[in-house]
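Participant: Coordinates only, no sequence provided:
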């Protein structure tokens, strides 16, 4: 089920148009990111951490979800995609959600498209934007193409 879910997410991700040319490399995805916008709701202290593992990448979110990620190339852009679980809410309550995620870099920001499937089968789509959690973690500005 998760494999089909991830395939559907990837197909939808490929149809989403985001302005700007991507210049993402593996290192640009890595690190701690602070959420600055989400269609799923406002959260001042929500962060994600993307790390490199032997088998690929891994994302852990401060609000309880995580997923293994694979780097792919879509329409000339690097992206990270994966499927995982949302096992607890920010308040610590146990939840049982499946998530499919897709990440792309745009103008130094990390864009997340996420599809969530609740335990009752209901679905929700969330788009979020993340920035580096501290100025020291910002990518080199000369490595980002800001032209449209």
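Facilitator: Yep, that arrived. Because the structure is predicted, anything quoted here is derived from the model rather than measured.
Participant: C-alpha only now, for contacts and for neighbours.
Facilitator: Noted.
Participant: Go ahead and confirm residue 88 touches residue 65.
Facilitator: Yes: with contacts counted by Cα atoms under 8 Å, residue 88 reaches residue 65, the gap being 7.2 Å.
Participant: Compare these two and say which one has the larger neighbour count.
Facilitator: Shown here are residue 88 and residue 65; by other Cα atoms under 10 Å, residue 65 has more neighbours (20 against 16).
Participant: Got phi/psi on that one?
Facilitator: phi -110, psi 160 (degrees, to the nearest 10).
Participant: Output the below-cut-off pLDDT ranges for the chain.
Facilitator: Along the chain, the parts satisfying pLDDT under 70 run over 1-24, 89-94, 134-148.
Participant: and with 50 instead?
Facilitator: 13-23, 137-148 (pLDDT under 50).
Participant: Now do the strands in it.
Facilitator: 31-38, 47-53, 56-61, 65-74, 77-88, 94-106, 109-117, 123-132 (DSSP state E).
Participant: Buried residues, the second one. List them.
Facilitator: Within strand 47-53, the residues that qualify as buried by neighbour count (16 or more other Cα atoms under 10 Å) are 47, 48, 49, 50, 51, 52.
Participant: now swap in the fourth one and tell me
Facilitator: Going by neighbour count (16+ other Cα under 10 Å), the buried part of strand 65-74 is 65, 66, 67, 68, 69, 71.
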